[in-house]
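Student: need a 3D model of the following:
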Amino acid sequence: MAAREVIGKGMRWNIGNGKKVNIWTDKWIPNPDSFEIVSPRPPDTTNELVASLINPDIGGWDITTMKRIFLPHDIEAILSIPISPCLPKDTQIWTWTQNGHFTVRSAYYVARKWLMEGNHKADRGCASNSRKSRELWRSIWGMQCQNRVKQWRACKNILPTNYNLKISKVAIEDKCELCGISESSGHVQWDCKLAVDVWKETRLKLPRFQNPQRDFIDVVWRLRDARSELDWDCFATTAWCLRRNRNSVKFEGRCKEAKAIAREVNVDGAIFKELNSCGIGIVIRNDKGQIMGAMSKMLDQPLDALEVEANAVEEGVLLAKDLGLRYIIIEGDALMVMAALSGHTSPPSSIQHIIAGAQLWALSFSAWKSTHVRRNCNQAAHLMARNAKSLFECIIWVEDTPYY
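Tutor: Sure thing, here's the model as predicted:
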């Protein structure tokens, strides 16, 4: 790699007033992957210079304008750039040293890094296609789950894995705490033995690749090519759980099995007659009563009470399965639905297929049972179902407590 190209790879703009820096073509984002904006350029935007994103009256970023133009990931990266109220001139810095000054040692690191990634990208072809890259990021931010679950950090390769920490001279060893192999983003969420076991337990039925995948983005690209109809929300949630487990191992010394244990899967439904639609609520707790997952989902269908309660049961079973649970107790306040699910009575014709589907999915658990509970014992799921009234489609929480 020529010296000029190495310098070009390592330089970026340090924003002062933004008058010298083009939003769409210059390197100015503090992101070691490319230093460039990922968001597709809106066809109607007139914003060309970074200066148009700065409010000179407050000496800071114009957040309203940025929300209209950029994806959440880019907004977060931009807001991490401090702006001086005096708005000095823009300057170029060498991004691979703390003080922004060029050193031969850091230049060697840059050359080595990009040579390795260049060879690696040659095997994945379509990743270099800018149109497909934008489509990928649109699909990531379009998923119906929390931003932190959407895997954008893993896809940008900015997770603090042991591999990345060793490259950055923060850590000495890059070995995985579980298997001793180099712990990259691809290893943690795909190739580690525990990850392999977890993916086998999901309903996604994903293909395995012959060679290990160092970067998680490579896994995503290959799966997009192989499985265009993949449930990406489920995929992202499972990958996020794997990363959470990695953090538990590293910082707390605790590792979950590939199949965790749950105590209760509470389900409920709600009808919104004025909207001609209904909502589903699910709350999953572990054997200690702690929330493992929750869902609030809008169904744009005029279902009756029996049908929406049956749908809630099937969605609850699927969510528990996606979380990799092994033993579950399904609890709901619709007596007829719960009796049909347990096999005590035949389900009405309107919900026969739904109940049969739930029973089929439930076969994947080592053990399960259903039980009827009173409404006052099912309040959490009821609140989640009522909350769906304000949603466009669905929100899923994983190991987190909903804010309402």
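
Student: so the protein: which segments form each domain?
Tutor: Domain ranges of the chain: 3-113, 129-252, 262-398, per automatic domain parsing.

Student: most packed of the ones you listed?
Tutor: Ranked by mean neighbour count, those are led by domain 262-398 with a mean of 19 (mean count of other CB atoms under 10 Å). C-beta here means a position set from N, CA and C on the backbone, and glycine is covered the same way.

Student: helices of the stretch 101-250 of the chain, residue ranges please.
Tutor: For the stretch 101-250 of the chain, the helices defined by DSSP state H, counting those that start in this stretch occupy 104-121, 130-141, 152-155, 162-167, 185-186, 193-201, 216-226, 232-252.

Student: send the alpha carbons of stretch 355-367 over as PDB?
Tutor: Extracted C-alpha coordinates of stretch 355-367, given in PDB (Å, rounded to 0.1, in the frame of the first residue of the first chain):
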ATOM      1  CA  ILE A 355     -53.900 -23.700  18.900                       C
ATOM      2  CA  ALA A 356     -52.400 -26.500  16.800                       C
ATOM      3  CA  GLY A 357     -49.600 -24.200  15.800                       C
ATOM      4  CA  ALA A 358     -48.800 -23.300  19.400                       C
ATOM      5  CA  GLN A 359     -48.800 -27.000  20.400                       C
ATOM      6  CA  LEU A 360     -46.500 -27.800  17.500                       C
ATOM      7  CA  TRP A 361     -44.000 -25.100  18.500                       C
ATOM      8  CA  ALA A 362     -44.200 -26.200  22.100                       C
ATOM      9  CA  LEU A 363     -42.800 -29.600  21.100                       C
ATOM     10  CA  SER A 364     -39.400 -28.000  20.900                       C
ATOM     11  CA  PHE A 365     -39.300 -27.500  24.600                       C
ATOM     12  CA  SER A 366     -38.000 -30.200  27.000                       C
ATOM     13  CA  ALA A 367     -41.200 -29.700  29.100                       C
END
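
Student: mind putting the domains of the chain into CSV with mean pLDDT?
Tutor: CSV is the format used below for these (pLDDT from 0 to 100):
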stretch, mean pLDDT
domain 3-113, 84
domain 129-252, 83
domain 262-398, 88
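
Student: as CSV, the helices of the stretch 101-250 of the chain with distance to Leu325 would be great.
Tutor: Compiled in CSV, the helices of the stretch 101-250 of the chain are given as follows (distance: least, CB to CB, whole Å):
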stretch, distance to Leu325
helix 104-121, 36
helix 130-141, 26
helix 152-155, 23
helix 162-167, 28
helix 185-186, 25
helix 193-201, 9
helix 216-226, 23
helix 232-252, 11
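
Student: so which of those gets nearest Phe272?
Tutor: helix 232-252 (23.0 Å; CB to CB).

Student: report the beta-bridge partners for Cys394.
Tutor: Here Cys394 sits in beta bridges with Lys297, as judged by DSSP bridges.

Student: wasn't Thr97 part of a helix?
Tutor: No - in this structure, Thr97 is coil, not part of a helix, as judged by DSSP: H, G, I helix; E, B strand; the rest coil.

Student: how near is it to Trp221?
Tutor: 32 Å (CB to CB, to the nearest Å).

Student: and the residue positioned nearest the centre of the chain, what is it in contact with?
Tutor: Nearest to the geometric centre of the chain sits Lys150, at 1.7 Å (CA atoms, centre = their mean). Contacts for Lys150 (CB atoms under 8 Å, 6 or more residues apart in numbering) come out as 140-141, 143, 236.

Student: using the three-state scheme, assign the residue lying farthest from the centre of the chain.
Tutor: Most distant from the centre of the chain: Thr345, at 40.1 Å, with distances by CA atoms, centre = their mean. Using three-state DSSP, the structure places Thr345 in coil.

Student: not counting its neighbours along the chain, what's nearest it?
Tutor: Residue nearest to Thr345 in three dimensions, not counting chain neighbours: Ala339, with 4.5 Å by CB to CB, 6 or more residues apart in numbering.

Student: doesn't Ile355 make contact with the one you found?
Tutor: No - using CB atoms under 8 Å, Ala339 makes no contact with Ile355, being 10.1 Å away.

Student: could you check how far the residue farthest from the centre of the chain is from Met336?
Tutor: 7 Å.

Student: got it, and Ala171?
Tutor: 57 Å.

Student: do Ile291 as well
Tutor: Ile291 is 28 Å from Met336, by CB to CB.
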